[in-house]
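1. please work out how this folds:
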Amino acid sequence: MSQQQFKNFTASSLYCEKCKTAMPVRERLLLILPDRELYDYLCTGCASSVGQREVTAGDKLMARAPAPRRARPGVAPRGLMP
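-> Below you'll find the model as predicted:
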């Protein structure tokens, strides 16, 4: 596995100090800046903040970009045929 796979991820559960256990979380947008967005993770049990996440503009573009197409074995890519 490459490091790119784990560069951007969204947490589904985090440890909550108040609840003393790992709890499901919801993500709340805190702030939108020209070059990034800041998110806060809230515990679904007690609504306390349990973490934060920062998404840069470049990360957002990479997440929206379609994955590059892979050529099928034995088939020449378009535009390269004589």
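
2. need the helices for this structure, in chain order.
-> Remark: helices assigned in the chain by DSSP state H are 57-64.

3. where does it dip in pLDDT?
-> 1-8, 58-82 (pLDDT under 70).

4. where do the strands sit along it?
-> 13-16, 21-32, 36-43, 49-56 (DSSP state E).

5. OK, contacts around residue 22?
-> Applying Cβ atoms under 8 Å, 6 or more residues apart in numbering to residue 22 gives the contacts 13, 14, 15, 16. In short, each C-beta sits where N, CA and C put it, glycine included.

6. ok, now residue 46?
-> Counted by Cβ under 8 Å, 6+ apart, residue 46 has contacts 16, 18, 19, 23.

7. what's the burial count for the first one?
-> By other Cβ atoms under 10 Å, the residues close to residue 16 number 23.

8. let's number from 2 now, not from 1
-> OK, 2 is where the count begins now, so the last one is residue 17.

9. and it, how far from residue 57?
-> The gap separating residue 17 from residue 57 is 27 Å, by Cβ to Cβ, to the nearest Å.

10. now residue 36
-> 6 Å.

11. kindly report the same for residue 37.
-> Counting by Cβ to Cβ, the gap from residue 37 to residue 57 is 5 Å.

12. follow-up on the earlier one: of residue 36 and residue 57, who's got more company?
-> Using other Cβ under 10 Å as the criterion, residue 36 and residue 57 rank with residue 57 on top: 13 against 7.

13. isn't the more buried one right up against residue 34?
-> No. Using Cβ atoms under 8 Å, residue 57 makes no contact with residue 34, being 9.6 Å away.

14. of the strands of the chain, flag the one that's most buried.
-> Most buried of these by mean neighbour count (mean count of other Cβ atoms under 10 Å) is strand 37-44; its value is a mean of 18.

15. run me through the strand neighbours of it, direction for each.
-> strand 22-33 (antiparallel), strand 50-57 (antiparallel) (DSSP bridges).
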